[in-house]
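> Have a look at this prediction, sequence included:
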Amino acid sequence: MPYSIVNYQSIIDASHSLRFDAEFFHPDYLEIQHQLEEIGSKKLIDFQVKIRHPIEIKRNYVDEGILLLRGQNVRPLSIDLTSNPVYISEEDAERLKENTIHYKDILIMRSGANIGQCAIYLENNNVLSMSDTLIIKDGYLNPFFLTIFLNTKYGTTLIERGKYGSAQPHIAPPYLYQIPIPVWDFLPSVIEKTYLQSKELTERSKTRYTEAETLLLSELNLADWQPQHELTFVQNYSDTEHTQRIDADYFQPKYDEIVNAIKTYWNSWDRLGNLVTLKKCVEVGSKEYLEEGIPFIRVSNLSPFEITHEKYISEELYAELAEHQPKQNEILLSKDATPGIAYFIREAPDKMIPSGGILRLKSETDRVGNEYLTLVLNSILTQEQINRDVGGSVILHWRPDQVAETIIPILPKKIQTVIEQRVTESFYLRKRGKDLLEYAKRAVEIAIEQNEQTAIDWLESVSDIPTQ
């Protein structure tokens, strides 16, 4: 049985709240603490950083306004401002001006499912944060290095140690101030170069993806199209009988503009259900969730660019549900909560089970490529059809029959190939950027376990980035 023997002074030094529970002084935590002290470290507070806890107000979202960053936008070493963005009015933003996030601020989740995850903000436009994050500002510690350190196995373990509360764990600024941070002469600047190179690759990835989207929309003469919400318009009664819908929003002219652009395209179009087979996945219930095991993929884990995982199920349950295991060359498509997120499985996937809010799509034709089809599903062409189908719902559900009726433009193979090349290059650049961040993490771990120069030499060898 593991145990630790600590004196009272250790309790005072290590815990801002005088914690003396056995878990806080677990031998694994004490070993990391000792290891960092042995190689030379300072407490975070010694670098004169400031940790701000944003205030909270009642959230009233608006269609246009000031961008509000939420917990779901922050992932390890990544801040995604495009994932289901929400906005608040300028009046509410003024009340939250102390929550402003600036360039090179570090965000760390203080509660929720992704507690402890952190990333550095590298956008020039300021946004606001809500109270489920903490903002680390100022100080004379390299923010790129600090972000990477907090994402290493040493940093994440120290953050894990500081969690308190059982039902909804939190982490508090006073504890974070006491975390030991290694002190090196040259590695922090090398980490910064690597991080910025990763950022550059990610931006190039976004450019390639935008080029693919623009080519698609240009073919349909929709490159500059902006949806306009009409206050009044006239619709035939026969259309309401045909669609079995009488709500005005369903018949907004903007939806007809999209549909007509696809149906009048000179080459071809078809319904999604004629191009793929659709298979619904499965729900397991929260009581089956585990801290580790086989990933259970929910809609919140799905993006056009990656699949993350936070919940897990047992090997035994996975064996019972193995028929729902996604396969290579399938497309995962969300239908609930945030419908219309499509992810193409390019390589043989690891074990996983998608939730009931996700469909598995398998191509049944060579008329459209999988990369091309995935791009169309993520584009405004499909998103506006979804808005029409699910409009007015409190909880969004895109029914499988509605999914099957989604119309898809079929561009000539030559153009599809160009689009797919842009998408493929985009994913390569994105992966390369993520790899660099993983290399940076490993370099910090090597410096802790061996020495600074060994870490720098290794990072230079794997990243192809000159460190001097």
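Done, it's in. What you see is a predicted model; the values in this text were computed from it and never measured.
> Run through the strands of the stretch 151-300 of the chain in chain order.
180-182, 268-271, 276-280, 294-297 (DSSP state E, counting those that start in this stretch).
> which one of these is the most hemmed in?
Using mean count of other Cβ atoms under 10 Å, the stretch among the strands of the stretch 151-300 of the chain with the largest mean neighbour count is strand 294-297, at a mean of 23. Yep, even glycine has a C-beta here, placed from its N, CA and C like the rest.
> possible to save the strands of the stretch 151-300 of the chain as JSON lines with distance to residue 30 and mean pLDDT?
As requested, these are exported to JSON lines (distance: least, Cβ to Cβ, whole Å; pLDDT from 0 to 100):
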{"stretch": "strand 180-182", "distance to residue 30": "12", "mean pLDDT": "95"}
{"stretch": "strand 268-271", "distance to residue 30": "62", "mean pLDDT": "96"}
{"stretch": "strand 276-280", "distance to residue 30": "48", "mean pLDDT": "97"}
{"stretch": "strand 294-297", "distance to residue 30": "31", "mean pLDDT": "96"}
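> and of these, who's closest to residue 96?
strand 180-182 (29.6 Å; Cβ to Cβ).
> For stretch 412-419, the averaged confidence score.
The pLDDT scores in stretch 412-419 average 97.
> Stretch 219-233 too?
Regarding stretch 219-233, the rounded mean pLDDT is 71.
> Could you tell me the per-residue confidence at the closest residue to residue 295 other than its chain neighbours?
Spatial nearest neighbour of residue 295, chain neighbours left out: residue 309 (3.6 Å); criterion: Cβ to Cβ, 6 or more residues apart in numbering. Residue 309 carries a pLDDT value of 85.
> Residue 309: neighbouring residues, count only.
Using other Cβ atoms under 10 Å, the number of residues around residue 309 comes to 13.
> what's the answer for residue 340, then?
With other Cβ under 10 Å as criterion, residue 340 counts 23.
> check contacts around it.
Residues near residue 340 by Cβ atoms under 8 Å, 6 or more residues apart in numbering: 333-334, 377-378, 382-383, 386, 398.
> I'd like the distance between it and residue 409.
Per Cβ to Cβ, to the nearest Å, residue 340 is found 16 Å from residue 409.
> and what of residue 92?
40 Å.
> Look at the two and report which has more neighbours.
Neighbours per residue (other Cβ under 10 Å) separate residue 92 from residue 409, with residue 409 holding more: 22 against 19.
> May I have the strands that pair with the helix or strand containing the more buried one, each with its orientation?
Using DSSP states H and E, the element containing residue 409 is strand 407-410. Using DSSP bridges, strand 407-410 pairs in its sheet with strand 268-271 (antiparallel).
> which outside residues touch the partner strand?
Contacts for strand 268-271 (Cβ under 8 Å, 6+ apart): 262-263, 367, 404-410.
> what's the span of stretch 110-126 from first residue to last?
The stretch stretch 110-126 measures 21 Å between its terminal residues, going by Cα to Cα, to the nearest Å.
> Please state the offset of that stretch from the chain centre?
Put simply, stretch 110-126 sits 11 Å off its chain's centre (Cα atoms, centre = their mean, to the nearest Å).
> quick one: average confidence on it?
Stretch 110-126 shows an average pLDDT of 86 in the prediction.
> Tell me the buried residues in it?
Across stretch 110-126, burial judged by 16 or more other Cβ atoms under 10 Å covers 110-112, 114-122.
> just those residues now: which is nearest residue 134?
Using Cβ to Cβ, residue 110 comes nearest to residue 134 of the buried residues of stretch 110-126, at 4.8 Å.
> Give the burial count for the nearest residue to that closest one once chain neighbours are set aside, as a bare number.
Distances taken as Cβ to Cβ, 6+ apart put residue 134 closest to residue 110, at 4.8 Å, once the chain neighbours are dropped. Applying other Cβ under 10 Å, we find 21 residues neighbouring residue 134.
> Pairing-wise in the sheet, spell out the partners of residue 134.
residue 108.
> Would you quantify the distance from it to residue 272?
From residue 134 to residue 272 the distance is 43 Å (Cβ to Cβ).
> what do you get for residue 29?
Distance from residue 29 to residue 272, by Cβ to Cβ: 51 Å.
> ok, now residue 110?
41 Å.
> that older thread, restricted to strands, list the contacts of residue 340.
Among the contacts of residue 340, DSSP state E puts 333-334 in strands.
> which of the contacts of residue 340 sit farthest apart?
378 and 398 (14.0 Å).
> Now rank the contacts of strand 268-271 by neighbours and give me the top one.
These, ranked by neighbours (other Cβ under 10 Å): first place residue 408, 24 neighbours.
> Now for residue 60: which residues touch it?
88-89, 92.
> how does it look with 7 Å?
88, 92 (Cβ atoms under 7 Å, 6 or more residues apart in numbering).
> Can you give me the pLDDT of residue 381?
pLDDT, residue 381: 96.
> Quickly note the distance from residue 332 to residue 160.
According to Cβ to Cβ, residue 332 stands 30 Å off from residue 160.
> Which residues does stretch 112-126 contact?
Contacts of stretch 112-126 (Cβ under 7 Å, 6+ apart): 71, 74-79, 100-109, 132, 143-144, 147, 150-151, 156, 159-160, 163, 169, 171, 199, 310.
> Could you check how many residues crowd around residue 219?
With other Cβ under 10 Å as criterion, residue 219 counts 19.
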